[in-house]
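Peer 1: Coordinates for the following, if possible.
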Amino acid sequence: SISSSSSVYVTLTCAFRYGREDLDVLGLSFRKDLYISTFQAFPPIPEERKPNTRLQERLLKKLGQHAHPFHFTIPQNLPCSVTLQPGPEDTGKACGVDYEIRAFCARSVEEKIHKRNSVRLVIRKVQYAPEKPWTTADVRQYADICLFSTAQYKCPVAQLEADDQVSSSSTFCKVYTLTPTLNSNREKRGLALDGKLKHEDTNLASST
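Peer 2: Residues are numbered from 1 along each chain as shown. This next block holds a predicted model:
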């Protein structure tokens, strides 16, 4: 139940975890919030209301008159959900980028949030290949992110060796097919994966 002086707020958070969770107890936090946005979901603000989607209409019929839909937009410049695959002996949350929605009831946004008045949901921002391939040209800016030191690493996900020989004064033509899959890379630590939810499997991360 919500008192007449309270409102329901929704917070969207994009966070980057770059260290093991068990190291946080040493007084260092290896987690950084990349994006935080809070808005009022109920009572709805008239000038910010948008038409309901088909899914929301179905949910309203199922949940009844006490359900209140809301909309939010994830900025395009935010990264996709990515999980760095942990090693077999690692515990705690994996490194990577994750998104979380938190809805809470309070008199104002600045009020302290109590667990009994809030609910959280982890979501994913994913990127898929287009249905029809096409040729495109673009300009990209590459930035090195310095945490403690600038570093770059690579992780092979598919390899193929062939004993092919090319004779002198001859030509050679052959097609090599590589299919990178997660199933053949389950034990590789640090492999970038699409953001993973609790009870769902994922796949190798897209280039972003």
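Peer 1: before we move on, what SS does Cys14 have?
Peer 2: The assignment at Cys14 comes out as strand when based on DSSP: H, G, I helix; E, B strand; the rest coil.
Peer 1: can you pull the contacts of the closest residue to Ala67 other than its chain neighbours?
Peer 2: Closest residue to Ala67 in three dimensions, ignoring its sequence neighbours and counting by CB to CB, 6 or more residues apart in numbering: Leu60, at 5.5 Å. Yep, even glycine has a C-beta here, placed from its N, CA and C like the rest. Leu60 makes contacts with 52, 67, 69, as judged by CB atoms under 8 Å, 6 or more residues apart in numbering.
Peer 1: Show me which of the residues you listed are buried.
Peer 2: Buried subset of the contacts of Leu60 (neighbour count, 16 or more other CB atoms under 10 Å): Pro69.
Peer 1: Format the contacts of Leu60 as TSV; extra columns: distance to Val122 and pLDDT.
Peer 2: As requested, those are arranged in TSV below (distance: CB to CB, whole Å; pLDDT from 0 to 100):
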residue	distance to Val122	pLDDT
Asn52	24	85
Ala67	21	83
Pro69	20	85
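Peer 1: Now render the contacts of Leu60 as TSV, adding distance to Leu178.
Peer 2: Supplementary listing: the contacts of Leu60 in TSV, determined by distance: CB to CB, whole Å:
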residue	distance to Leu178
Asn52	45
Ala67	48
Pro69	45
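Peer 1: any chance of the contacts of Leu60 in JSON lines, plus secondary structure and distance to Val175?
Peer 2: Formatted as JSON lines, those follow (DSSP: H, G, I helix; E, B strand; the rest coil; distance: CB to CB, whole Å):
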{"residue": "Asn52", "secondary structure": "coil", "distance to Val175": "50"}
{"residue": "Ala67", "secondary structure": "coil", "distance to Val175": "55"}
{"residue": "Pro69", "secondary structure": "coil", "distance to Val175": "51"}
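Peer 1: residues touching the residue positioned nearest the centre of the chain, list them.
Peer 2: Centroid check for the chain by CA atoms, centre = their mean gives Ser81 as the closest residue, at 1.8 Å. Taking CB under 8 Å, 6+ apart as the definition of contact, the neighbours of Ser81 are 96-99, 124-126, 194-195.
Peer 1: Done for today, thanks.
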